[in-house]
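Asks: Please find the sequence and the predicted model below.
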Amino acid sequence: MAATILVVEDEEPILNLVVAYLKADGFVVHTARDGESALQQAQTVRPDLVVLDLLLPGIDGLEICRRLQHDGGPYVLMLTARAEEVDKVVGLSVGADDYLTKPFSPRELVARVKAILRRRRHTGAAPAENTLLTFRDLQIDVARREVQRRGVPVTLTAREFDLLYTLAAMPGRVFTREQLLERVWGHDFDGVDRVVDVHISLLRRKLEDDPAEPTLIQTVRGVGYKFTG
Ligand code: CA
């Protein structure tokens with residue numbers, strides 16, 4: 001079944017170009033030109049992925065991205081006008097799954113979209129008997145992509161969930177940042193190599209009693225991270 005993509009962009013030429021390339025690749029494509037209608041469309045068409053421009057009339061891309069982060073929410077590929085904005089967006093950690101700086105090649109955009117969706121199939125295709133991972137007070141429902149801590153749901157972004165799942169599926173195994181980038185992001189982020197650290201710290205804030213003294217996800221100095229739940 002073809003994935004549904006919502007493209008949110010107020011610049012008509014870019015919107016048309018992106019839509020044309022995605023349609024040519026067989027995706028079902030919906031569009032929005034401002035923040036309000038983006039959020040409305042996201043509710044009605046329930047896209048698998050949103051291509052989201054950062055600067056929009058009305059509600060901006062950052063805020064939209066934040067509001068899209070709920071259980072079962074779509075993946076987000078953020079478009080930014082300048083390379084420095086990527087750093088800002090990653091720093092703010094609004095939960096975007098990938099970033100592209102304008103001007104970008106539409107082929108590159110389609111490739112990124114496919115990479116994100118491929119990754120989801122990976123993590124979504126866990127064997128049935130292995131869909132519930134339980135560690136002390138943490139429960140990870142792989143099939144539903146839901147996390148509970150002491151019975152209380154924890155809201156993770158799609159990327160945070162994938163990172164947690166990657167680590168927790170092999171407790172005790174040490175992953176390097178490069179391995180996590182490859183498994184969770186699917187490709188290298190040019191110039192944003194601390195993206196793994198940023199997401200680990202976000203996970204700790206949501207999951208650890210004391211993020212400064214983590215007990216679930218531990219840093220292995222000079223190497224990377226391991227799950228010790
Ligand atoms: Ca714009």
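Replies: Nice, I can see it. Residues are numbered from 1 along each chain as shown.
Asks: now the helices: where do they sit in the protein?
Replies: Taking DSSP state H, the helices of the chain run over residues 12-24, 35-45, 61-68, 83-92, 106-124, 158-168, 177-180, 195-207.
Asks: winner for burial among these?
Replies: Counting by mean count of other CB atoms under 10 Å, helix 158-168 has the highest mean neighbour count of the helices of the chain, with a mean of 23. Quick note: C-beta positions are derived from backbone N, CA and C, even for glycine.
Asks: Which strands and helices lie in contact with that helix?
Replies: Counting contacts by 3 or more CB pairs under 8 Å, 6 or more residues apart in numbering; DSSP states H and E, helix 158-168 packs against helix 106-124, strand 132-135, strand 138-141, helix 177-180, helix 195-207, strand 224-227.
Asks: Now do that helix, average pLDDT.
Replies: Averaged across helix 158-168, pLDDT comes to 90.
Asks: Show me what it is in contact with.
Replies: 69, 73-76, 95-97, 119-120, 123, 133, 135, 138, 140, 142, 145, 147, 156, 175, 180, 183-185, 196, 199-200, 202-203, 206-207, 217, 225-227, 229 (CB atoms under 8 Å, 6 or more residues apart in numbering).
Asks: Can you lay out the helices of the chain as TSV showing distance to Val51?
Replies: Below are these laid out as TSV (distance: least, CB to CB, whole Å):
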stretch	distance to Val51
helix 12-24	6
helix 35-45	10
helix 61-68	10
helix 83-92	14
helix 106-124	7
helix 158-168	15
helix 177-180	24
helix 195-207	19
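Asks: can you tell me which of those helices comes nearest to Met1?
Replies: helix 106-124 (11.4 Å; CB to CB).
Asks: before we move on, back to that, rank the helices and strands packed on helix 158-168 by pLDDT, which is bottom?
Replies: helix 106-124 (a mean of 79).
Asks: Show me the contact partners of that helix.
Replies: For helix 106-124, using CB under 8 Å, 6+ apart, the contacting residues are 3, 5, 17-18, 20-22, 25, 27, 48-49, 51, 75, 77, 97-98, 100, 142-143, 145, 158, 161-162, 165-166, 184-187.
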